[in-house]
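Enquirer: No letters, just coordinates:
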């Protein structure tokens with residue numbers, strides 16, 4: 001068995017957001033040991049160049065300093081020497097996200113891909129990690145939360161942890177600081193929840209609700225009640241902040257960032273949109289423990305973290321996951337079915353308000369994730385579509401289509417698990433289409449050609465009618481209207497063909513091409529200061545669009561950078577781009593049975 005690679009992480013200056021990370025190779029390459037740092041992290045498909053956060057780096061052995069030459073943007077070579085060889089990197093850590101690293105006097109967090117050097121030629125060697133106890137002197141009351149296997153460290157304590165390989169090492173993020181803990185059982189294993197940055201959280205409710213959701217996911221893939229989880233333990237790492245959102249999946253844990261007010265408070269039994277958002281996020285990342293962490297596209301088998309891994313299947317790995325993250329809330333009984341229909345309608349609304357869906361297929365969006373999705377700009381709504389949102393809508397359509405043939409997306413996911421997740425065999429680019437057709441006993445090439453490789457909108461109204469759900473479309477009621485609910489006020493009769501914030505400065509964030517604003521010459525980032533001679537506000541503009549009639553004109557004064565310009569805008573009829581899904585009251589027993597099978601209602 002190869003000798004383990006030894007890592008150590010310690011604070012250098014948490015006030016300056018600096019940490020020390022060392023990597024020791026017992027038997028270095030006789031020709032000169034090379035070390036690299038990943039360029040991206042699994043689950044977040046963007047070249048992030050983690051090496052840019054390395055401030056200083058050096059090497060040494062028992063005889064003293066060893067010359068270390070940088071030979072690539074994220075690659076270093078040590079001079080030939082006797083081992084053990086230790087490389088120490090000083091890393092700047094000040095990113096409040098789930099992708100990189102953060103350090104200050106209140107908490108330290110690190111995702112391994114941004115932190116741990118990889119010694120070339122030793123990728124399959126076991127790894128040990130010493131999390132230095134000196135962190136406790138920098139952070140009052142600090143503990144350690146990670147799903148990495150303890151190898152001498154006490155529960156929630158500093159000390160030694162272990163992983164079977166470099167790939168496993170970097171797949172266990174670590175939180176160091178003060179956090180609240182709760183736990184529950186699901187899938188036959190313990191699930192822990194560590195919440196940092198929040199107080200007065202109803203931990204019992206969080207544990208109770210997540211237990212039901214997680215068990216439902218385990219049952220889905222097992223195809224039976226009381227299904228088993230594919231790991232020995234699971235950890236939810238939750239960071240609560242004033243304003244933030246994000247998640248990243250790992251093999252036995254997930255890192256989540258949420259708003260503090262999205263977590264339920266003790267004594268408040270309500271089910272507001274904030275808590276729904278948190279539950280959906282947790283559900284999404286947990287589903288990834290199967291779909292993308294174990295059921296992987298061939299392009300990720302194995303991962304090459306030095307360069308892009310192109311695949312046209314992210315719509316399935318992220319979109320299907322986005323579909324199930326909400327659907328599971330209803331099927332597990334945690335959230336009423338009506339609320340989940342509202343969430344699905346909001347997702348559809350997002351897609352319908354994206355003109356770029358007519359130009360970019362969801363398969364192309366998957367392939368272009370590396371250059372587009374994580375780098376949105378003012379023209380993104382015109383040029384492309386989200387493989388998360390459009391992927392979820394395609395997943396909904398595929399599920400209902402399969403149900404017309406006596407099967408379901410559940411069957412497809414279980415088949416993918418059996419053939420790929422449980423075996424480690426990557427999913428080829430055409431495998432999902434072929435498997436769906438095989439399960440349905442019907443050729444689904446037309447479905448995939450039109451809605452996955454093509455840019456058509458799936459026929460959701462007809463498909464939803466099969467399960468006793470009515471789909472209605474209406475104009476939006478204002479910039480705060482996310483869809484999902486019937487209109488409560490008079491909707492806008494006209495549209496400017498642009499996006500802007502619901503409050504604050506009326507700066508156009510996007511202008512839809514061929515819309516009224518674009519035809520008049522307005523551009524994204526123009527700051528509207530007057531409408532028909534009256535000082536502009538978001539509320540004033542919304543009210544004007546309600547009163548106006550299609551074809552009427554609006555004089556808009558706006559600053560483009562520091563130049564005041566005037567535009568004569570001819571308004572158009574407001575599009576019906578806001579979706580509402582409603583369960584039919586008396587659909588008939590056959591339809592009601594199909595709805596129960598789909599929605600759990």
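Expert: Done, it's in. Every value quoted in this text rests on a predicted model; they were computed, and no experiment measured them. Numbers count the residues shown, from 1 in each chain.
Enquirer: So what sits opposite residue 558 in the bridge?
Expert: Counting by DSSP bridges, residue 558 is bridged to residue 528, residue 565.
Enquirer: quick one: it from residue 569, how far?
Expert: 10 Å (CB to CB, to the nearest Å). In this view, the C-beta of every residue, glycine as well, is placed from N, C-alpha and C.
Enquirer: Are there residues contacting both of the two? Which ones?
Expert: Taking CB atoms under 8 Å, 6 or more residues apart in numbering as the contact rule, the neighbours common to residue 558 and residue 569 are residue 522.
Enquirer: Pretty sure residue 295 sits against residue 416.
Expert: Yes: between residue 295 and residue 416 there is a contact at 4.9 Å, judged by CB atoms under 8 Å.
Enquirer: Dead centre of the chain: give me the residue that sits there.
Expert: Centroid-nearest residue in the chain: residue 247, 5.0 Å away (criterion: CA atoms, centre = their mean).
Enquirer: which element follows the helix or strand hosting that one toward the C-terminus?
Expert: Assigned by DSSP states H and E, residue 247 falls within strand 246-249. Remark: after strand 246-249, the chain's next helix or strand is strand 253-259, criterion DSSP H and E.
Enquirer: Given the strand holding residue 247, what are its sheet partners and their directions?
Expert: Looking at strand 246-249 with DSSP bridges, its partner strands are strand 253-259 (antiparallel).
Enquirer: Show me the contact partners of the strand it pairs with.
Expert: Residues outside strand 253-259 that contact it (CB under 8 Å, 6+ apart): 96-98, 109, 111, 146-147, 172-173, 175, 234-248, 274, 277-278, 281-282, 285-286, 288.
Enquirer: what's downstream of it, the next helix or strand?
Expert: The first helix or strand that comes after strand 253-259 along the chain, using DSSP H and E, is helix 273-287.
Enquirer: helices or strands up against whichever helix or strand comes after that following helix?
Expert: Tracing the chain C-terminally past helix 273-287 and defining elements by DSSP H and E, one meets helix 314 next. The criterion is 3 or more CB pairs under 8 Å, 6 or more residues apart in numbering; DSSP states H and E, and there are no helices or strands that helix 314 contacts.
Enquirer: neighbouring contacts of helix 314?
Expert: Applying CB under 8 Å, 6+ apart, the set of residues contacting helix 314 is 45, 297, 365, 366, 369, 387, 391.
Enquirer: Let me know the closest of these to residue 490.
Expert: When the contacts of helix 314 are compared for distance to residue 490, the smallest value, 33.9 Å, is given by residue 391; criterion: CB to CB.
Enquirer: Can you list the buried residues in the strand or helix carrying the closest one?
Expert: Following DSSP H and E, one finds residue 391 within helix 389-404. Of the residues in helix 389-404, those buried under the neighbour-count criterion (16 or more other CB atoms under 10 Å) are 389-403.
Enquirer: Check the burial of the residue nearest to residue 502 when sequence neighbours are not counted by counting its neighbours.
Expert: Ranked by CB to CB, 6 or more residues apart in numbering and with sequence neighbours excluded, the top spatial neighbour of residue 502 is residue 479, at 4.1 Å. Summarising burial for residue 479: neighbours were counted as other CB atoms under 10 Å, giving 15.
Enquirer: In a strand, residue 479, correct?
Expert: No: when DSSP: H, G, I helix; E, B strand; the rest coil is applied, residue 479 is found to be coil, with no strand at that position.
Enquirer: quick one: contacts for it?
Expert: For residue 479, the set of contacting residues under the criterion of CB under 8 Å, 6+ apart consists of 499, 500, 501, 502, 538, 542.
Enquirer: cool, residue 53 as well?
Expert: When contacts are counted by CB under 8 Å, 6+ apart, residue 53 touches 91, 92, 93, 100, 101, 114.
Enquirer: Which of the residues you listed lies at the shortest distance from residue 467?
Expert: Lowest distance from residue 467 to those (CB to CB) belongs to residue 100, with 42.5 Å.
Enquirer: List the contacts of that closest one.
Expert: Contacts were defined as CB under 8 Å, 6+ apart; by that measure residue 100 touches 48, 50, 53, 93, 110, 111, 114.
Enquirer: Touching, the last one and residue 101? I think so.
Expert: Yes: using CB under 8 Å, residue 114 is in contact with residue 101, at 5.2 Å.
Enquirer: Overlap of the contact sets of these two?
Expert: Common neighbours of residue 114 and residue 101, counting by CB under 8 Å, 6+ apart, are 53, 91.
Enquirer: looking at the chain, which residue ends up farthest from its center?
Expert: In the chain, residue 63 marks the outermost C-alpha relative to the chain mean, sitting 46.8 Å out by CA atoms, centre = their mean.
Enquirer: Contacts only, for it.
Expert: For residue 63, the contacting residues are 81, 82, by CB under 8 Å, 6+ apart.
Enquirer: Now do it against residue 20, distance only.
Expert: From residue 63 across to residue 20, the span is 21 Å (CB to CB).
Enquirer: Give me the pLDDT value at residue 504.
Expert: Residue 504 is assigned 88 on the pLDDT scale.
Enquirer: Leaving out chain neighbours, which residue sits closest to it?
Expert: Sequence neighbours aside, residue 538 is the residue nearest to residue 504 in space, at 7.7 Å (criterion: CB to CB, 6+ apart).
Enquirer: the helices in the stretch 451-600 of the chain, which residues?
Expert: For the stretch 451-600 of the chain, the helices defined by DSSP state H, counting those that start in this stretch cover 460-465, 516-520, 538-547, 589-599.
Enquirer: looking at the ones you listed, which is buried most?
Expert: For the helices of the stretch 451-600 of the chain, ranked by mean neighbour count under the definition mean count of other CB atoms under 10 Å, the leader is helix 516-520 at a mean of 21.
Enquirer: Show me what that one is packed against.
Expert: When contacts are defined as 3+ CB pairs under 8 Å, 6+ apart, helix 516-520 packs onto strand 563-570.
Enquirer: other SSEs contacting the helix or strand that contains residue 449?
Expert: Secondary structure assigned from DSSP H and E places residue 449 in helix 445-451. For helix 445-451, the contact count by 3+ CB pairs under 8 Å, 6+ apart identifies helix 389-404, helix 431-440 as packing neighbours.
Enquirer: Switch the ones you listed over to JSON lines; also include mean pLDDT and distance to residue 585.
Expert: Rendered in JSON lines, the data for these read as follows (pLDDT from 0 to 100; distance: least, CB to CB, whole Å):
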{"stretch": "helix 389-404", "mean pLDDT": "98", "distance to residue 585": "20"}
{"stretch": "helix 431-440", "mean pLDDT": "98", "distance to residue 585": "30"}
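Enquirer: between these, which one is nearest to residue 105?
Expert: With CB to CB as the measure, helix 389-404 is the member of the helices and strands packed on helix 445-451 nearest residue 105 (38.7 Å).
Enquirer: what angle sits between whichever helix or strand comes after the closest one and helix 431-440?
Expert: Going down the chain from helix 389-404, the next helix or strand is helix 409-416, by DSSP H and E. Counting by axes from the mean of the first three to the mean of the last three CA atoms, to 10 degrees, helix 409-416 lies at 120 degrees to helix 431-440.
Enquirer: neighbours around residue 371, how many?
Expert: 12.
Enquirer: same thing with residue 96?
Expert: Using other CB under 10 Å, residue 96 has 15 other residues around it.
Enquirer: gap between the strand holding residue 247 and the chain center?
Expert: The gap between where strand 246-249 is centred and where its chain is centred comes out at 5 Å by CA atoms, centre = their mean, to the nearest Å.
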